[in-house]
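Engineer: Would you be able to build a 3D model of this:
(one chain, ligands or ions: 1)
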Amino acid sequence: MSKAAPLRLGVNVDHIATLRNARAGAAPDPVRAALLAIEAGADGITAHLREDRRHIRDSDMARLKAEISKPLNFEMAATDEMVGIALATKPHAVCLVPERRQELTTEGGLDVVGQHNALAPVIARFNDAGIRTSLFIAADPRQIEAAARLHAPVIEIHTGAWCDAITDGETAKAEAEWQRIVAGAALARSAGLEVHAGHGLDYATAETIAALPEIVELNIGYFMVGEALFVGLAETVRQMRAAMDRGRSKL
Ligand code: PXP
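Structural biologist: Purely as a prediction, here's the structure:
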């Protein structure tokens, strides 16, 4: 039996909203998806309220907070507007991400080093409000050390470059990215940070990364919403949970 901390699965429901917004109506409902994911074993729900509201809407965030029984992770850019909405919503946690209007998804990690002065008061306000702040960063030692200096309780390591390299068959790059993640998770933990990871994960990569004992939460969305089309969301959550448990049991 593994002695590592349990590994939580946060299900990101943004792309249920993407599908709904394709027809600008009410279905499929991301809150219904969140409730189903929790029933099937998700430990929390993540949703990203973007400045352009391309998927999650303000009303989705309010309903998620009101209706789900597990922690809500409110993903957002550190703008005045979003800080105000998050403080009013009072989620369990916020995850601060960089945001560019033209990007398809959150392409890189937050530059915590360069934005230290802008992020410090935001993190302090959330700390005062009892909302845990997670900084979504690359597994770069400078960024990790800056996150610790900012007194953010949590970082989420951006796994996108690793996952993309695997998908593209770039073996050497994938191995280098993996080693960065391994070293980054250890450094962050030793600096007192809680370590999460996410972006681009599927069953195989979730199983691999589950074997890193420092990581206590994975946030996964796009792959799961795609799989749900074929096997249903509940079955997808169960299979992801099983993949993570297989990885964790290798410890
Ligand atoms: N974590 C963060 C901070 C993200 O921005 C995203 C993408 O919205 C995810 C996790 C989930 O990534 P994916 O949808 O590729 O699984």
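
Engineer: list the contacts for residue 197?
Structural biologist: 156-157, 159, 181, 185, 209, 212, 215, 217-219 (Cβ atoms under 8 Å, 6 or more residues apart in numbering). C-beta coordinates here come from the backbone N, C-alpha and C atoms, glycine included.

Engineer: for residue 47, same thing?
Structural biologist: Per Cβ under 8 Å, 6+ apart, neighbours of residue 47: 12-14, 17, 30, 34, 56, 60-61, 64, 72-75.

Engineer: from what I can see, it looks like it's in a strand, true?
Structural biologist: Yes - checked against DSSP: H, G, I helix; E, B strand; the rest coil, residue 47 lies within a strand.

Engineer: Next up, the contacts around residue 210.
Structural biologist: Residue 210 touches 7, 218, 243-248, counting by Cβ under 8 Å, 6+ apart.

Engineer: at 7 Å what do you get?
Structural biologist: The neighbours of residue 210, taking Cβ atoms under 7 Å, 6 or more residues apart in numbering as the test, are 7, 244, 247-248.

Engineer: What parts of the stretch 151-251 of the chain come near the ligand?
Structural biologist: 156, 198-201, 219-223 (Cβ under 6 Å from any ligand atom).

Engineer: From those residues, which land in helices?
Structural biologist: 222-223 (DSSP state H).

Engineer: would you turn the contacts of residue 47 into CSV with distance to the ligand?
Structural biologist: Output for the contacts of residue 47, formatted as CSV (distance: Cβ to the nearest ligand atom, whole Å):
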residue, distance to the ligand
12, 5
13, 10
14, 6
17, 11
30, 13
34, 14
56, 10
60, 14
61, 14
64, 15
72, 14
73, 8
74, 11
75, 5
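
Engineer: Just those residues: which are in helices?
Structural biologist: Per DSSP H, the subset of the contacts of residue 47 in helices is 14, 17, 30, 34, 60-61, 64.

Engineer: how about the residues of the stretch 1-150 of the chain that lie near the ligand?
Structural biologist: Counting by Cβ under 6 Å from any ligand atom, the residues of the stretch 1-150 of the chain near the ligand are 12, 14, 48, 75, 95, 97, 105-106, 136.

Engineer: nearest to residue 118, of the residues you listed?
Structural biologist: The nearest member of those to residue 118, counting by Cβ to Cβ, is residue 97 at 14.0 Å.

Engineer: pretty sure that closest one contacts residue 108?
Structural biologist: No - applying Cβ atoms under 7 Å, one finds residue 97 not in contact with residue 108, separated by 9.4 Å.

Engineer: Residue in the stretch 51-200 of the chain with the shortest distance to the ligand?
Structural biologist: residue 198 (3.1 Å; Cβ to the nearest ligand atom).

Engineer: Let me see the contact set for that residue.
Structural biologist: Residue 198 neighbours (Cβ under 7 Å, 6+ apart): 156, 159, 218-220.

Engineer: which SS class is residue 109?
Structural biologist: coil.

Engineer: Contacts only, for it.
Structural biologist: So residue 109 contacts 136-138, 143, 158 (Cβ under 7 Å, 6+ apart).
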